[in-house]
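Make a model of this:
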Amino acid sequence: VQLVESGGGLVQAGGSLRLSCAASGHTFEVNLIAWFRQAPGKEERDFVAIISSSGAITSYADSVKGRFTISRDRTENLTFLQMNGLRAEDTAVYYCATGYLGSRYVAEAFQFWGQGTPVTVSS
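Coordinates of the predicted model:
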């Protein structure tokens, strides 16, 4: 499975961005799709949001709840992260991931990753 993120960039605080994640290759291995982010200077990738295979179930980190929305278009193998009300603390490289192995929503539970797209929010 190959994942490619796009849509990152520089935005002012309060602004919006829409990230995309395109899946290709062995897409039968794509189950849940999650977004993680890695802030500058941090080693770990933090969970942001996740969407089920059908798209019917979503879950969010408390820090983005009410501001970010995850969605997917299964026919096009695309997943989106709509980010509104962006804050300086949302600055990070954003990654999409799939091949969920179960247990908790942590980076180690996902097999396949994209290369990331950077988001910078200026205050």
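
Spatially central residue in the chain, please.
With distances taken as Cα atoms, centre = their mean, Trp35 lies nearest the centre of the chain, 2.1 Å away.

and the nearest residue in space to that one that is not next to it in sequence, what does it touch?
In space, not counting the residues next to it along the chain, Trp35 is nearest to Val48; the distance is 4.2 Å by Cβ to Cβ, 6 or more residues apart in numbering. In short, each C-beta sits where N, CA and C put it, glycine included. Val48 is in contact with 34-37, 60-61, 64, 68, 81, 94, counting by Cβ atoms under 8 Å, 6 or more residues apart in numbering.

rerun that using 6 Å as the cut-off
Residues in contact with Val48, defined by Cβ atoms under 6 Å, 6 or more residues apart in numbering, are 35-37, 61, 64.

do the same with Phe80
When contacts are counted by Cβ under 6 Å, 6+ apart, Phe80 is found next to 20, 71.

What residues of the helix or strand harbouring it count as buried?
Taking DSSP states H and E as the definition, Phe80 sits inside strand 78-83. Going by neighbour count (16 or more other Cβ atoms under 10 Å), the buried part of strand 78-83 is 79-81, 83.

And for stretch 106-115?
Of the residues in stretch 106-115, 109-110, 112-114 count as buried by neighbour count, 16+ other Cβ under 10 Å.

One more: stretch 88-100?
Using 16+ other Cβ under 10 Å as the burial criterion, the residues of stretch 88-100 that qualify are 90-100.

Sitting in strands, which of those do you find?
Among the buried residues of stretch 88-100, the subset assigned to strands under DSSP state E consists of 92-100.

and those as a markdown table, adding pLDDT?
A markdown table is the format used below for those (pLDDT from 0 to 100):
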| residue | pLDDT |
| --- | --- |
| Ala92 | 98 |
| Val93 | 98 |
| Tyr94 | 98 |
| Tyr95 | 98 |
| Cys96 | 97 |
| Ala97 | 97 |
| Thr98 | 95 |
| Gly99 | 92 |
| Tyr100 | 91 |
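
and which of the residues you listed is nearest Ala23?
Sorting these by how near they are to Ala23, with Cβ to Cβ, puts Thr98 at the top with 6.9 Å.
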